[in-house]
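**Student:** quick check, what structure comes out for this input:
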Amino acid sequence: MSAQSEHAYDDSNVFAKILREELPCHKVYENDDVLAFMDIMPRGDGHCLVIPKTPARNWLDASPQQLAAVAEATQTIARAAMKAFGADGITIQQFNEAAGGQVVFHLHVHVIPRFEGVALRPHTGEMADQAQLVKHAELLRNALDG
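**Tutor:** Presented below is the predicted three-dimensional model:
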């Protein structure tokens, strides 16, 4: 953790549990540095998250190496999402600390395919249909492979 944050990293957060395979996820992409998986409460079809595999509370605490790995993977996922979903655009979001909208305190970037005239769904706290998430993860993986 850098001197930027007054808060320590809490390894009981949901993304740390996913990284330790204590909780499941619908994996889309993985390398030595990052993991990308479907958001279980998507604001749009194909909404996924990119996280570093090493602890970082948020953008303010992350090392330059973590940020570079997350940024590179985010671009890879965004390009695949455009292709997989025939999207008109991509929204990339990242929140820092509670006042900035952060809910899970492990650095993560949202990648959301967007379509002309279609608003983002509200963040309701309701989980998406698991079969739909499986399908969307498969579409993204296929776009990455192709």
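**Student:** Leu144: what's it in contact with?
**Tutor:** Contacts for Leu144 were tallied using CB atoms under 8 Å, 6 or more residues apart in numbering; they are Val28, Tyr29, Thr76, Ile77, Ala80. C-beta here means a position set from N, CA and C on the backbone, and glycine is covered the same way.
**Student:** in helices, which of the residues you listed fall?
**Tutor:** Cross-referencing the contacts of Leu144 against helices under DSSP state H gives Thr76, Ile77, Ala80.
**Student:** gap between the second one and Gly117?
**Tutor:** For Ile77, the distance to Gly117 under the criterion CB to CB, to the nearest Å works out to 24 Å.
**Student:** circling back: now, among the contacts of Leu144, which is nearest to Arg141?
**Tutor:** Val28 (5.9 Å; CB to CB).
**Student:** which residues of the chain fall in strands?
**Tutor:** Counting by DSSP state E, the segments of the chain that form strands are 27-30, 34-38, 48-52, 89-93, 109-114.
**Student:** returning to that earlier point: buried ones among the contacts of Leu144?
**Tutor:** Those of the contacts of Leu144 that meet the buried threshold are Val28, Tyr29, Thr76, Ile77, Ala80, by 16 or more other CB atoms under 10 Å.
**Student:** switch those over to TSV; also include pLDDT.
**Tutor:** Below are those laid out as TSV (pLDDT from 0 to 100):
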residue	pLDDT
Val28	98
Tyr29	98
Thr76	98
Ile77	98
Ala80	98
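**Student:** which pair of these spans the longest distance?
**Tutor:** Val28 and Thr76 (9.9 Å).
**Student:** picking up where we left off before, as a markdown table, the buried ones among the contacts of Leu144 with distance to His136 would be great.
**Tutor:** Listed next are the buried ones among the contacts of Leu144 as a markdown table, based on distance: CB to CB, whole Å:
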| residue | distance to His136 |
| --- | --- |
| Val28 | 9 |
| Tyr29 | 13 |
| Thr76 | 16 |
| Ile77 | 12 |
| Ala80 | 11 |
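**Student:** tell me the one among these nearest to Val109.
**Tutor:** Nearest to Val109 out of the buried ones among the contacts of Leu144 is Ile77 (CB to CB; 8.7 Å).
**Student:** residues in contact with that closest one?
**Tutor:** Counting by CB under 8 Å, 6+ apart, Ile77 makes contact with Val28, Tyr29, Ala36, Cys48, Val50, Val111, Leu140, Leu144.
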